[in-house]
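1. sequence? don't have it. structure:
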């Protein structure tokens, strides 16, 4: 019964759609034409992917300062703050992108042209024709309102070349960049993607450029830059921990030497005494010296472990698939554009038919004027035939 009801309900609708198949075919043809125009207007882009595996770094330091593989009771768990899940955030920062934009790239042409990545993104990137129309439409109000605005004076921090000159002591911990550098950093950020697989601990770095050789060079430099960044972070953290532990070791050594000296002086002065108070003082001094020696020994082992970790810092990413110059373009895809345009065209056509059938669209037609009809009346009194409306 349910199938019959659905068939009865849908059959008239699909019959109505089938009766308007010419309209849908016209829309489909227009969609294919639009897809071809869009595909020919978009520039070719090539994508390079570097597949790497991140090395997990979780160690445990026990009570004696030794490094253990498992979490023992009372051990100190040391973990990194810059995990693979944070690589995308690190790469998106201007402090990471601006040094990367100063690298030298070589174009895939016969002359072997070399330039910086900043110059390539500023001068060699082609855009579709409609982007200039959109940009002009957004700039038109500013051009019309320009005569009514005052002359804006240039910022004192900006020089003639368009870059900012900022002294290191001006603002501590603040980075200031020019507008041109911000535009280049934004364009580079859109062409870089990071895919993290937490189950397999893999990191895939992808770079998409309009030149295949530039795409491979930037992908390789990006992998080396993120690897150097994280390795430098680990080394600096271990150096800071080593400096702190060495300061604690120096204090523990001084306390141990002081306790040892006090115990030796007391033993030399009170060696022949056998009173109970002298025994208690001797035991207290011995206990204090042993505690100072235990602390000194623990910090010595901990400092040795810190020095080993600083010396054994290695790259954090193991490259499984290095950067390779792509042969086939990644975009634009003609089949994808045709499928998307066909889907939108057919969906729009069916939606139009639905609104038209359910009288959501009122089409006004001008009623045609009716011709006046005449009748012929014979009037015998006058002896002639007249026409009356």
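-> Arrived safely. Keep in mind it's a predicted model, so treat the numbers as computed, not measured.
2. does residue 41 really touch residue 126, like I thought?
-> No - if you go by C-beta atoms under 8 Å, residue 41 and residue 126 don't touch, sitting 10.2 Å apart. In this view, the C-beta of every residue, glycine as well, is placed from N, C-alpha and C.
3. which of those two has more neighbours?
-> More crowded of residue 41 and residue 126, by other C-beta atoms under 10 Å: residue 41, with 13 against 9.
4. what about residue 314, which SS state?
-> For residue 314, the secondary structure call by DSSP: H, G, I helix; E, B strand; the rest coil comes out as coil.
5. count of neighbours near the residue lying closest to it once chain neighbours are set aside?
-> Nearest residue to residue 314 in three dimensions, chain neighbours excluded: residue 231, at 7.5 Å (C-beta to C-beta, 6 or more residues apart in numbering). Residues lying near residue 231 (other C-beta under 10 Å) number 15.
6. For residue 238, see how far away residue 231 is.
-> Distance, residue 231 to residue 238, by C-beta to C-beta, to the nearest Å: 11 Å.
7. Average pLDDT for stretch 321-330, rounded please.
-> What stretch 321-330 shows for mean pLDDT is 90.
8. Make 29 the starting number, not 1.
-> Got it, the first residue is 29 from now on, which makes the last one we talked about stretch 349-358.
9. got the end-to-end distance for that stretch?
-> From its first residue to its last, stretch 349-358 covers 18 Å (C-alpha to C-alpha, to the nearest Å).
10. Residues in contact with that stretch: which ones?
-> Contacts to stretch 349-358, defined as C-beta atoms under 8 Å, 6 or more residues apart in numbering, come from residues 72-79, 136, 236, 240-241, 243-245, 247-248, 251.
11. Reduced to three states, what does residue 351 come out as?
-> Residue 351 ends up coil, using three-state DSSP.
12. Tell me, how many residues neighbour it?
-> By other C-beta under 10 Å, the residues close to residue 351 number 22.
13. Can you report phi and psi for it?
-> Phi and psi for residue 351, reported as degrees, to the nearest 10, are phi -70, psi 130.
14. next one: the one 10 residues further on
-> Dihedral angles of residue 361 (phi, psi; degrees, to the nearest 10) stand at phi -100, psi 120.
15. returning to what we had before: help me confirm that the residue nearest to residue 342 comes into contact with residue 345.
-> No - with contact defined as C-beta under 8 Å, residue 259 does not reach residue 345; the gap is 9.1 Å.
16. List the buried residues for the helix or strand hosting residue 310?
-> Take DSSP states H and E as the rule and residue 310 turns out to sit in helix 304-339. Neighbour-count burial for helix 304-339 flags 310, 313, 316-317, 320, 323-324, 326-331, 333-334, 337-338 (criterion: 16 or more other C-beta atoms under 10 Å).
17. Which residue, other than its chain neighbours, is closest to residue 242?
-> Closest to residue 242 by C-beta to C-beta, 6+ apart is residue 133, at 4.8 Å.
18. Relative to residue 364, how far out is the residue nearest to residue 342?
-> 39 Å.
19. so how far is stretch 288-298 off the chain centroid?
-> Put simply, stretch 288-298 sits 66 Å off its chain's centre (C-alpha atoms, centre = their mean, to the nearest Å).
20. got the buried residues for that stretch?
-> 291, 294.
21. Check which strands are paired with the helix or strand hosting the residue nearest to residue 242 and give the direction for each one.
-> Per DSSP H and E: residue 133 is located in strand 132-134. Sheet pairing for strand 132-134, assigned by DSSP bridges, gives strand 142-144 (antiparallel).
22. Mind checking the pLDDT average for the strand it pairs with?
-> Strand 142-144 carries an average pLDDT of 91.
23. What of stretch 279-293?
-> 89.
24. Could you grab the helix/strand/coil label for residue 155?
-> Going by three-state DSSP: residue 155 is coil.
25. Please name the residues that touch it.
-> residue 71.
26. What ranges does the stretch 179-328 of the chain have for its helices?
-> Taking DSSP state H, counting those that start in this stretch as the criterion, the stretch 179-328 of the chain carries its helices at 207-218, 240-297, 304-339.
27. so can I have JSON lines of the ones you listed showing distance to residue 387?
-> Formatted as JSON lines, the helices of the stretch 179-328 of the chain follow (distance: least, C-beta to C-beta, whole Å):
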{"stretch": "helix 207-218", "distance to residue 387": "46"}
{"stretch": "helix 240-297", "distance to residue 387": "55"}
{"stretch": "helix 304-339", "distance to residue 387": "77"}
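28. Quick one: closest of those to residue 224.
-> Nearest to residue 224 among these is helix 240-297 (12.2 Å), distances taken as C-beta to C-beta.
29. Quick check: buried residues in stretch 368-380?
-> 369-370, 373, 377-378, 380.
30. Stretch 258-273 now?
-> Buried, per 16+ other C-beta under 10 Å, within stretch 258-273: 258, 262, 265-266, 269-270, 273.
31. Averaged pLDDT, the helix or strand containing residue 375. What do you get?
-> If you go by DSSP H and E, residue 375 is part of helix 362-385. Averaging pLDDT along helix 362-385 yields 92.
32. same thing with stretch 226-244?
-> 88.
33. okay, how far is it across it, tip to tip?
-> Using C-alpha to C-alpha, the end-to-end distance of stretch 226-244 comes to 25 Å.
34. for stretch 346-363, same thing?
-> 36 Å.
35. from the middle of its chain, how far away would that stretch be?
-> The mean C-alpha position of stretch 346-363 is separated from the chain mean by 19 Å, C-alpha atoms, centre = their mean.
36. Give the buried residues for that stretch.
-> 347, 351, 354, 358, 360.
37. which residues does residue 220 contact?
-> So, once contact is read as C-beta under 8 Å, 6+ apart, residue 220 ends up touching 119, 233-235, 250.
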